[in-house]
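Asker: what follows is a predicted protein model with its sequence.
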Amino acid sequence: MRSLQPFIWGAIILVVIIPLVGKALLFYSSTTPVQPNIQPLTEVMVPAIPRRANLDKALVDAVQTAHQSAQEFAKAELDDWEIQLEGRVDHFLDWYFGYLNQKKMEFMTPLVWVSSAAIHTVNPNQMKASEAVITRFTGEFQKQFAKQVLVPQTAQIRLENLTTETVNHYLLALRQNMDQVQVKYRIPQGQWERYLSDISTTIQDTEGNLSNLSLKMLVGGSGYLLTKPLVLATVGKIGGKVSSKFAGTAAAKLAAKTGGTVAAELSTSLVDPIVGVGILIWDIWDYQHTVELERPLLKANLMDYLQGVEQSLLNDPETGVLSAIGQLEQGIFQSL
């Protein structure tokens, strides 16, 4: 028995003492005050329209009705996407609260802490030990969240296709609404085409080149082909502004910083803005207590975060799926 004592104590140190030290350091890191960087969501604002003749007012109503129809279409598609993402959250939580992952976090924390503290002592410009711990595990959290929940490569293609389909839906609705206006006011075809030709909008392609497009051409059968450069310029910015829903957590401010690193590692442009998510809470109790109490909290906040992602993708006037439509409408309204 005496010859086995060194091995027994070694096992106790590896399995019990080091994880306990890791838990203590994780708790200390999570209590380090960090101000979250929260950007409020912006909403699509319709510019003020000068009301002139009844025909102009009817045209404005037709544009706004088409916009509402396109918005409802995009929202329904994003709702379906969010439901799919929510279905993957439980699998992600199984990974995060898995016994091996929790023990890995606890075991690695002292090593990250000691090495970061030594580096910070030599170079004060480097991160402090507590910040390094949060950054390390927040980055891993974000990477797994992106891989298991968002699946960024698939999500990017889906959002690009959604933008194209939404613009097509908008142009079709606008053409139908404009036809109803012509019928309502009994406008001869020649006079109607001259009226539409006098109203134009400006589009910008991926290279920044500007071109004018009349409303007559826009509501024509090849309207999408003419607006395709604008759509291509828009899809590259989709998701560029997504606010974090994790206000008050210690890792909230570092989430945006580590998101850029994760984006580079996964080679996708979608991850950087959307995976701005910090870890909700660290392990401070025993494993079973952690799963029973913290898993529902983390799940609720992840669901809330996904809803915020959807609202930003839908409503942001610069980087949402409706932003291309907003640019078209702005030019139309300015021509009236």
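Answerer: Yep, it's here.

Asker: measure Q126 to Q142 for me?
Answerer: Going from Q126 to Q142 by CB to CB, to the nearest Å gives 21 Å. Placement of C-beta: from N, CA and C, glycine included.

Asker: which one of these two is surrounded by more residues?
Answerer: Relative neighbour count places Q142 above the other of Q126 and Q142, with 27 against 15, counting by other CB atoms under 10 Å.

Asker: which strand or helix spans the more buried one?
Answerer: Per DSSP states H and E: Q142 is located in helix 129-145.

Asker: which elements pack onto the helix or strand that comes right after that helix?
Answerer: Using DSSP H and E, the helix or strand that directly follows helix 129-145 along the chain is helix 152-185. Packing contacts for helix 152-185, counted by 3 or more CB pairs under 8 Å, 6 or more residues apart in numbering; DSSP states H and E, involve helix 54-96, helix 215-218, helix 223-235, helix 271-274, helix 323-335.

Asker: pLDDT averaged over the next helix-or-strand element following helix 152-185 - what is it?
Answerer: Per DSSP H and E, helix 152-185 leads on to helix 189-197 as the next helix or strand towards the C-terminus. What helix 189-197 shows for mean pLDDT is 90.

Asker: and for stretch 132-145?
Answerer: The average of the pLDDT scores along stretch 132-145 is 83.

Asker: pull it out as PDB, backbone CA atoms only.
Answerer: Extracted C-alpha coordinates of stretch 132-145, given in PDB (Å, rounded to 0.1, in the frame of the first residue of the first chain):
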ATOM      1  CA  ALA A 132      -6.800  35.800 -21.400                       C
ATOM      2  CA  VAL A 133      -8.900  33.100 -19.700                       C
ATOM      3  CA  ILE A 134     -12.100  34.700 -20.900                       C
ATOM      4  CA  THR A 135     -10.800  35.300 -24.400                       C
ATOM      5  CA  ARG A 136      -9.600  31.700 -24.700                       C
ATOM      6  CA  PHE A 137     -12.800  30.000 -23.700                       C
ATOM      7  CA  THR A 138     -15.100  32.600 -25.300                       C
ATOM      8  CA  GLY A 139     -13.400  32.000 -28.600                       C
ATOM      9  CA  GLU A 140     -13.900  28.300 -28.300                       C
ATOM     10  CA  PHE A 141     -17.500  28.800 -27.300                       C
ATOM     11  CA  GLN A 142     -18.000  31.000 -30.400                       C
ATOM     12  CA  LYS A 143     -16.300  28.600 -32.800                       C
ATOM     13  CA  GLN A 144     -18.400  25.700 -31.700                       C
ATOM     14  CA  PHE A 145     -21.600  27.800 -31.700                       C
END
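
Asker: so where's the stretch 201-336 of the chain shaky on pLDDT?
Answerer: For the stretch 201-336 of the chain, the stretches with pLDDT under 70 are 205-206, 239-257, 259-260, 263-264, 267-290.

Asker: and the closest residue to V219 other than its chain neighbours, how far is that from Q330?
Answerer: Closest residue in space to V219, ignoring its immediate chain neighbours: R175 at 4.3 Å, by CB to CB, 6 or more residues apart in numbering. Remark: distance between R175 and Q330 (CB to CB) = 19 Å.

Asker: swap in Q64?
Answerer: From Q64 over to Q330 (counting by CB to CB), the distance is 13 Å.

Asker: check Y195 too.
Answerer: Relative to Q330, and taking CB to CB, Y195 is found at 20 Å.

Asker: and T202, that's in a strand?
Answerer: Yes: using DSSP: H, G, I helix; E, B strand; the rest coil, the secondary structure at T202 is a strand.

Asker: quick one: neighbours of it, just the number.
Answerer: Counted with other CB under 10 Å, T202 comes out at 15.

Asker: pull the contacting residues for it.
Answerer: Neighbouring residues of T202 by CB atoms under 8 Å, 6 or more residues apart in numbering: L210, S211, N212, L213, Q327, G331.

Asker: may I see the PyMOL selection of the buried members of those?
Answerer: This is the PyMOL syntax for the buried subset of the contacts of T202, where burial follows 16 or more other CB atoms under 10 Å:
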select buried, resi 213+327+331
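
Asker: format the contacts of T202 as JSON lines; extra columns: distance to Q153.
Answerer: Below are those laid out as JSON lines (distance: CB to CB, whole Å):
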{"residue": "L210", "distance to Q153": "32"}
{"residue": "S211", "distance to Q153": "32"}
{"residue": "N212", "distance to Q153": "36"}
{"residue": "L213", "distance to Q153": "33"}
{"residue": "Q327", "distance to Q153": "27"}
{"residue": "G331", "distance to Q153": "34"}
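
Asker: of the contacts of T202, which is the nearest to T154?
Answerer: Of all the contacts of T202, T154 sits closest to Q327, with 26.9 Å by CB to CB.

Asker: isn't the closest one up against P229?
Answerer: No: when contacts are counted by CB atoms under 8 Å, Q327 is not listed as touching P229 (11.3 Å).

Asker: which neighbours do those two share?
Answerer: Overlap of the contact sets of Q327 and P229 (by CB under 8 Å, 6+ apart) consists of I203, Q204.
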